[in-house]
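*Asks:* attaching a predicted model along with its sequence, questions to come.
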Amino acid sequence: MLKKGSKLNSILTGTCPKCQNESMYLDKNPLHLNKILKMHENCTHCGFKYQIEPSFFYGAMYVSYGLNVAIGIAAFIISYVIFSASIKVSFITIIVSLIVLFPFVLRWSRNIYINMFVSYNPNTKIK
């Protein structure tokens, strides 16, 4: 499932979508909030340029919106339907889950967005 070459591997690990050998981010830990969106300009392994065009990652905002809606719906269903919590508690659950998952959603949205345009190539030459 998470073998090298799959898009899911690149999305969840934050590796280069072209070679999947190097992390795209300067700091691999998404919980270091001051460095959460700091990325290498190019992959140090294959030389792939992450910023494909100016303002490329603005499109990741749409992916982020979709992920946040999915998380909110999931949190509501789990709290309201499964645990029979009140509406007030369910909305608090949604807010807390969105705040807690914020750094992960930021990274996942960028990873998903770049993987929509770039595919893995096992024959990528080393820089």
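*Replies:* Looks like it came in fine.
*Asks:* element containing residue 31?
*Replies:* Following DSSP states H and E, there is no helix or strand that holds residue 31.
*Asks:* now do the contacts for it.
*Replies:* Applying CB atoms under 8 Å, 6 or more residues apart in numbering to residue 31 gives the contacts residue 103. Every residue, glycine included, has its C-beta placed from N, CA and C.
*Asks:* then residue 101?
*Replies:* Going by CB under 8 Å, 6+ apart, residue 101 touches residue 71.
*Asks:* now do it against residue 107, distance only.
*Replies:* 10 Å (CB to CB, to the nearest Å).
*Asks:* equivalent analysis for residue 78, please.
*Replies:* Using CB to CB, we find residue 78 at a distance of 23 Å from residue 107.
*Asks:* more neighbours, the two?
*Replies:* Ranked by neighbour count (other CB atoms under 10 Å), residue 78 and residue 107 place residue 107 first, with 20 against 15.
*Asks:* what's the neighbour count on the closest residue in space to residue 42 that isn't next to it in sequence?
*Replies:* Distance criterion CB to CB, 6 or more residues apart in numbering; nearest residue to residue 42, sequence neighbours excluded, is residue 49 at 5.2 Å. Residue 49: 12 surrounding residues under other CB under 10 Å.
*Asks:* and the residue positioned nearest the centre of the chain, backbone torsions?
*Replies:* With distances taken as CA atoms, centre = their mean, residue 108 lies nearest the centre of the chain, 0.7 Å away. The phi and psi values for residue 108, taken as degrees, to the nearest 10, are phi -60, psi -40.
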